[in-house]
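> sequence and predicted structure below; questions after.
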Amino acid sequence: MTPIQKLTEHLILKEYIPSEDREIYEYGFDILIYTVWSTLALLLIGLVLRQFWNAAIITFGFYTFQSFGGGYHADSHLKCFLTMICGLLAGLSFVFLQEHLVLQLVIVGISAIVLLMIPLTIHPNKSFLEPKRKPLTIRSIIMTLSALVLVILVSIFFDKYLCVCAATFFLAAVSRIAGKMKYSKTKPDRL
């Protein structure tokens with residue numbers, strides 16, 4: 001029995017959760033543990049590379065874009081983590097743009113256009129969200145526009161972080177495009 005199964009079993013025995021919801025809770029605990037572990041690992045990479053705040057901005061900014069508008073999702077935790085590491089390292093390399101304000105703003109602008117043109121990418125296994133597509137799309141657009149305003153303020157007051165904001169927008173746009181390409185070819189799994 002895995003630790004997640006033991007935890008779920010304990011909560012069922014204590015009658016905190018109904019036994020018929022076992023799989024839902026085990027899945028939720030698995031996602032929670034993976035998310036916490038992978039986030040800490042990404043922040044540790046930033047710390048080791050002496051770019052902790054840049055890594056934090058990219059990680060949490062990317063999570064925000066994914067949460068509001070979706071995008072590419074890997075087929076396993078390992079593939080997801082490796083993809084996130086590659087994305088983080090690519091994003092951290094954007095510091096070479098520090099002296100090129102116009103290029104940073106162009107990257108943010110083009111990426112924002114992509115995010116506004118593809119405001120929502122729903123994973124096939126979450127097809128139950130289709131009836132909510134319109135409000136979810138509006139929510140994603142509002143979040144993207146809010147993030148854009150935040151980036152404009154960052155460029156005025158904290159321009160040293162503009163390069164990682166550009167990286168975050170860029171990575172989110174790439175994820176949204178990859179997700180749209182991947183999911184337009186697949187059909188939802190039937191449970």
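It's in. Numbers count the residues shown, from 1 in each chain.
> mind listing the helices for this protein?
Residue ranges of the helices in the chain, as given by DSSP state H, are 3-13, 22-48, 52-69, 77-92, 101-117, 133-157, 162-183.
> of those helices, which is nearest N125?
When these are compared by CB to CB, helix 162-183 sits nearest N125, at 9.8 Å. In short, each C-beta sits where N, CA and C put it, glycine included.
> only the buried residues of that closest one, if you could.
If you call a residue buried by 16 or more other CB atoms under 10 Å, then helix 162-183 has these buried ones: 162-177, 179-180, 182-183.
> show me what that helix is packed against.
With contacts defined as 3 or more CB pairs under 8 Å, 6 or more residues apart in numbering; DSSP states H and E, the packing partners of helix 162-183 are helix 52-69, helix 77-92, helix 101-117, helix 133-157.
> off-centre distance for it?
Chain-centre distance of helix 162-183: 9 Å, with CA atoms, centre = their mean, to the nearest Å.
> and what of stretch 73-85?
Relative to its parent chain, stretch 73-85 has a centroid offset of 11 Å by CA atoms, centre = their mean.
> next, the buried residues of that stretch.
So, applying 16+ other CB under 10 Å, buried residues of stretch 73-85: 73, 80-81, 84.
> also stretch 126-139?
Counting neighbours by 16+ other CB under 10 Å, stretch 126-139 gives 136-137 as buried.
> what's the answer for stretch 53-66, then?
Buried positions in stretch 53-66, judged by neighbour count with 16+ other CB under 10 Å: 54-59, 61-66.
> what's the answer for stretch 86-98, then?
So for stretch 86-98, counting by 16+ other CB under 10 Å, buried means 87-88, 91-92, 94, 97.
> low-scoring stretches of this protein, by residue?
By pLDDT under 70, the weakly predicted segments of the chain are 186-191.
> centre-most residue in it?
Nearest to the geometric centre of the chain sits Y63, at 2.9 Å (CA atoms, centre = their mean).
> ok, now how distant is that one from D159?
24 Å (CB to CB, to the nearest Å).
> go on, V151?
Look at V151 and D159: by CB to CB, they are 11 Å apart.
> so I107 makes contact with A166?
Yes - assessed by CB atoms under 8 Å, I107 is found in contact with A166 at 4.3 Å.
> who touches both of the two?
Counting by CB atoms under 8 Å, 6 or more residues apart in numbering, the shared contacts of I107 and A166 are L97.
> list the contacts of the residue nearest to A74 when sequence neighbours are not counted.
Closest residue in space to A74, ignoring its immediate chain neighbours: C80 at 3.9 Å, by CB to CB, 6 or more residues apart in numbering. Each residue near C80 by CB under 8 Å, 6+ apart is listed here: 34, 38, 73-74.
> number of residues surrounding L32?
Number of residues near L32 (other CB atoms under 10 Å) recorded here: 11.
> how far away is it from I141?
Using CB to CB, L32 is found at 28 Å from I141.
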